[in-house]
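Visitor: Provide a 3D model corresponding to the input given below.
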Amino acid sequence: MEISPYYEKNVQCINCKKEFPTLKVRSKFIKVEHTESDFQPIYVDDVNALYYNVFVCEHCGFSFTEDFSKYFAPGVQDEIRTQITEKWVHHDFKGERTVFQAIQAYKLAFICGTIKKEKFVASAGLALRLAWLYRSLKNEGQEQRFLKISRDHYMDSYSNEDYSSTQMSDVRIMYMIAELSRRISDMENATRFFSKVIEKQNTGGEAKIIEMAKEQWAIIRKEKASQI
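Guide: As a prediction, the model looks like this:
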């Protein structure tokens, strides 16, 4: 009997505390061919693990990822009730998702994260994944829109240091700001932040990211030279 790449998992909603089923991808079916310079994974098969990162509660409509904190500030759940739950039209996200359902799920999570005042680093990650999904559809306008939102949120996270208790390091967040700036043609910030990353080579660690920054910096210099 052929094993499905997917398995059903029960998740407890961090907002209403009710359980609902969602699909996850079995790890042995997640095969990444290569990774783009902004860390977009390019999968070998049709199984795209990105589609299933967002949990959409079928009861209250609250949508979240594992990066969301379980803490809700006073008054936030009332706001979620009026802005999300009371307007929630039941959608079924528990089966296999198309790219369009994945986009819808990420947009819901982005809205919920904004209302909940999640860390900028979390909302930056959601916007980045939306950019990747639109890239897979060759929708450059929407890809650029979400790359800019992601870059701006990474900038806010860098300024506030709200990434400090996450897996995101100083070097990685500076690299993300630089690379996303490059992709949206903000060469001033791209140059500034790639320089900051490369300066970190003397302190050791994150060698791969520093090497990637040097490669992207070389691309910018080549492009500048060709414009003269």
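Visitor: Is Phe146 in contact with Ala124, as I believe?
Guide: No - using Cβ atoms under 8 Å, Phe146 is not in contact with Ala124, being 10.2 Å away. Placement of C-beta: from N, CA and C, glycine included.
Visitor: hmm, who's touching stretch 128-137?
Guide: Residues outside stretch 128-137 that contact it (Cβ atoms under 8 Å, 6 or more residues apart in numbering) are 38, 40, 50, 53, 99, 102-103, 106-107, 110, 140, 142-147, 150, 176, 180.
Visitor: quick check, distance from that stretch to the centre of its chain.
Guide: How far stretch 128-137 lies from its chain's middle: 10 Å, per Cα atoms, centre = their mean, to the nearest Å.
Visitor: Counting neighbours, which bits of that stretch end up buried?
Guide: For stretch 128-137, the neighbour count (16 or more other Cβ atoms under 10 Å) marks 128-136 as buried.
Visitor: same question, stretch 91-108
Guide: Of the residues in stretch 91-108, those buried (16+ other Cβ under 10 Å) are 93-94, 97, 101-108.
Visitor: among those, which two are most distant?
Guide: In terms of Cβ to Cβ, these reach their longest pairwise distance at Lys94 and Lys107, which sit 17.9 Å apart.
Visitor: The chain: strands as residue ranges?
Guide: Here the chain has its strands, by DSSP state E, at 6-12, 19-25, 32-35, 41-43, 55-56, 63-64.
Visitor: Quickly run through the sheet partners of the third one, with directions.
Guide: Counting by DSSP bridges, the strands paired with strand 32-35 are strand 41-43 (antiparallel).
Visitor: Can you pull out the residues in contact with the strand it pairs with?
Guide: Applying Cβ under 8 Å, 6+ apart, the external contacts of strand 41-43 come out as 30-36, 49-50.
Visitor: So which residue is smack in the middle of the chain?
Guide: Here the mean C-alpha position of the chain is nearest to the C-alpha of Gly125 (Cα atoms, centre = their mean), at a distance of 2.5 Å.
Visitor: show me the contacts for it.
Guide: So Gly125 contacts 65, 67, 150 (Cβ under 8 Å, 6+ apart).
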